[in-house]
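Asker: Sequence isn't available, so here's the structure alone:
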């Protein structure tokens, strides 16, 4: 919280200055327009030089006061800018009327209507000529180099003084005002009162800083003759915007000051209602035996009721006729009609499309994923014929809320991008000439602007190019692009330019792969391995025994072998068993 209560940074100061400048600019344009009717009823207009009022002229014959003043002011400005000092101011006479001339140019004809009672037109002309001569002399002196240098120094000094005053206000808040807040407001458990106090003080300090900023700006602009008129208009606008009754409400009009007074009364009503709510909760409702939810409900209803009744009383005291609040009934009617807001939204969007004409019937547009020709625009929807010869009904609001690509807006000439990739090692000059030739050979590609080729970069498996072509038929862009691709492939093949294909290098690295196996599966594999090992050992034993028997039989004579078969030796029995 304390971070936001310090002296504002440079960015915050610039934002505030911009906000004030925008507000003043709006007032400069709005207030004179609202006060135009009042100015029309004014019988006199002012002769102004460098923002300073010299005298007023009245209506004369068929020329009203404003026309006479505008002509005289224009002549004065021209003479001040172009004439060399000193600028003579003379009085001549025509048809018994004095004419004031500046440097030989007609400025103003003084009529009896311009002179007050008891003074003749010639006397009035002499007085005005003296004022003009003095004002022109001062205006030329204020355009000298010495005066402008002093004015710049005064401007810099006033800006530094304003910054110092703003810093002093921030120091006063942190060092003097903030520590003097009531002690109960510093209680951490309940910071709401402290926040309200801080917020109120911050509003006051911000208002003082803004007033200081506006005063400094007006003072600086009043120093220079070129900006003095702006200073006068701003001051006149600020004062007039506060006191003029520019806001019509009912049968009466009210000023901004009166609205501020009304806002203050409303704030008082809200504060009184909030205090009453606290008293109800702490002094009355706590002794009724109601639960907390019921107490809060009663307090809220009482607060809203007091605010409603207080608002009616304040409006009556302020002098507002409650019959003018019939606009509230209109707002309620609008709320009831919110159910039809979708239809109203599309209706208004349709009117905007019809009269503003961002898209027209026959335009080739692209909105979202839809691409096609606008066939019909109605007050609720727009019909688009896609390239698949399908009619799509699009709500009008989509054309105002989403980005729409209008290929034929103002001009049907559009640029197409044709990406082409060739293999590494290709001759870039040959590739470029091949793409240019393919584009120029197509009848729908415009010769001017001429086709261009850009080398986009090095890809993973290819050299990337982009062919840019201009066409006058956006609806045929897909066919044109397909034809060009066909022609590019044929030319590249004829000129022995290889088209790339994806290539991947696979590197296999040896190592062990950790694998987690459930205990049951591991036990099964162990038993299987043990059984397999026993079977292999048994087969190995049998093979060894057969080899020994074969060797013993081969080392005996046939007679011994015959005798063993007759006698039935153990070897024979063992052989039989096998």
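Answerer: Thanks, I have the structure now. Just so it is clear, the structure is predicted and the values come from calculations on it, not from any experiment.
Asker: Residue ranges of each domain in this structure, please.
Answerer: 35-143, 245-335, 358-410, 414-494 (automatic domain parsing).
Asker: Distance to residue 530, mean neighbour count and mean pLDDT added to those, as JSON lines?
Answerer: Just so you know, the C-beta spots here come from the backbone N, C-alpha and C atoms, and that holds for glycine as well. Formatted as JSON lines, the domains of the chain follow (distance: least, CB to CB, whole Å; neighbours: other CB atoms under 10 Å; pLDDT from 0 to 100):
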{"stretch": "domain 35-143", "distance to residue 530": "109", "mean neighbour count": "16", "mean pLDDT": "79"}
{"stretch": "domain 245-335", "distance to residue 530": "76", "mean neighbour count": "13", "mean pLDDT": "74"}
{"stretch": "domain 358-410", "distance to residue 530": "66", "mean neighbour count": "15", "mean pLDDT": "85"}
{"stretch": "domain 414-494", "distance to residue 530": "53", "mean neighbour count": "16", "mean pLDDT": "91"}
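Asker: what's the closest of the ones you listed to residue 228?
Answerer: domain 35-143 (3.2 Å; CB to CB).
Asker: Give me the contact list for whichever strand or helix holds residue 124.
Answerer: Following DSSP states H and E, one finds residue 124 within helix 121-141. For helix 121-141, contacts defined as CB atoms under 8 Å, 6 or more residues apart in numbering pick out 47, 49-50, 52, 54-55, 76, 79-80, 85-87, 89-91, 97-100, 102, 107-108, 110-112, 114-116, 147, 225.
Asker: what does stretch 391-409 give?
Answerer: 345-346, 349-350, 352-353, 358-359, 362-368, 370, 372, 375, 377, 379-386, 414, 474.
Asker: Tell me which residue is most central in this structure.
Answerer: Centroid check for the chain by CA atoms, centre = their mean gives residue 401 as the closest residue, at 14.7 Å.
Asker: Next, it: phi, psi?
Answerer: phi -100, psi -20 (degrees, to the nearest 10).
Asker: and if you look at residue 372?
Answerer: The phi/psi pair for residue 372 (degrees, to the nearest 10) is phi 180, psi -170.
Asker: So residue 118: helix, strand or coil?
Answerer: Counting by DSSP: H, G, I helix; E, B strand; the rest coil, the backbone at residue 118 sits in coil.
Asker: which residues does it contact?
Answerer: No contacts exist for residue 118 under CB under 8 Å, 6+ apart.
Asker: how close does it get to residue 110?
Answerer: 15 Å (CB to CB, to the nearest Å).
Asker: Also residue 225?
Answerer: Taking CB to CB, one finds residue 225 at 26 Å from residue 110.
Asker: Off-centre distance for stretch 462-479?
Answerer: Distance of stretch 462-479 from the chain centroid (CA atoms, centre = their mean, to the nearest Å) equals 34 Å.
Asker: now the end-to-end length of it.
Answerer: 26 Å (CA to CA, to the nearest Å).
Asker: where do the helices sit along the stretch 101-250 of the chain?
Answerer: Listed in chain order, the helices found in the stretch 101-250 of the chain under DSSP state H, counting those that start in this stretch are 121-141, 145-172, 192-223, 228-243.
Asker: Does residue 486 lie in a helix or a strand, and which?
Answerer: Per DSSP H and E: helix 477-494 holds residue 486.
Asker: Against which helices or strands is that helix packed?
Answerer: Applying 3 or more CB pairs under 8 Å, 6 or more residues apart in numbering; DSSP states H and E, one finds that helix 477-494 contacts strand 414-422, helix 428-440, strand 463-471.
Asker: Would you convert the ones you listed into TSV that also reports distance to residue 397?
Answerer: Output for the helices and strands packed on helix 477-494, formatted as TSV (distance: least, CB to CB, whole Å):
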stretch	distance to residue 397
strand 414-422	26
helix 428-440	40
strand 463-471	31
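Asker: about what we covered before: which of the contacts of helix 121-141 fall within strands?
Answerer: Among the contacts of helix 121-141, DSSP state E puts 47, 49, 52, 54-55, 89-91, 97-100, 102, 107-108 in strands.
Asker: which one among the residues you listed gets closest to residue 162?
Answerer: residue 52 (24.3 Å).
Asker: Look up how far residue 342 lies from the closest one.
Answerer: In terms of CB to CB, residue 52 sits 59 Å off from residue 342.
Asker: Also residue 112?
Answerer: In terms of CB to CB, residue 112 sits 68 Å off from residue 342.
Asker: Pull the most distant pair out of the ones in strands among the contacts of helix 121-141.
Answerer: Longest span within the ones in strands among the contacts of helix 121-141, CB to CB: 52 and 97, 26.3 Å.
Asker: Just give the nearest non-adjacent residue to residue 420, would you?
Answerer: Nearest residue to residue 420, sequence neighbours excluded (CB to CB, 6 or more residues apart in numbering): residue 465, at 4.8 Å.
Asker: Identify the residues contacting the one you found.
Answerer: 419-422, 431-432, 435, 453-456.
Asker: ok, of those, which one's closest to residue 69?
Answerer: Checking those against residue 69 by CB to CB gives residue 454 as the nearest, at 63.4 Å.
Asker: That closest one and residue 464: what is the separation?
Answerer: Taken as CB to CB, the span from residue 454 to residue 464 is 9 Å.
Asker: So residue 473 sits against residue 445, correct?
Answerer: No - at 10.4 Å, residue 473 does not count as touching residue 445 under the criterion of CB atoms under 8 Å.
Asker: Return every residue with contacts to both of those two.
Answerer: residue 480.
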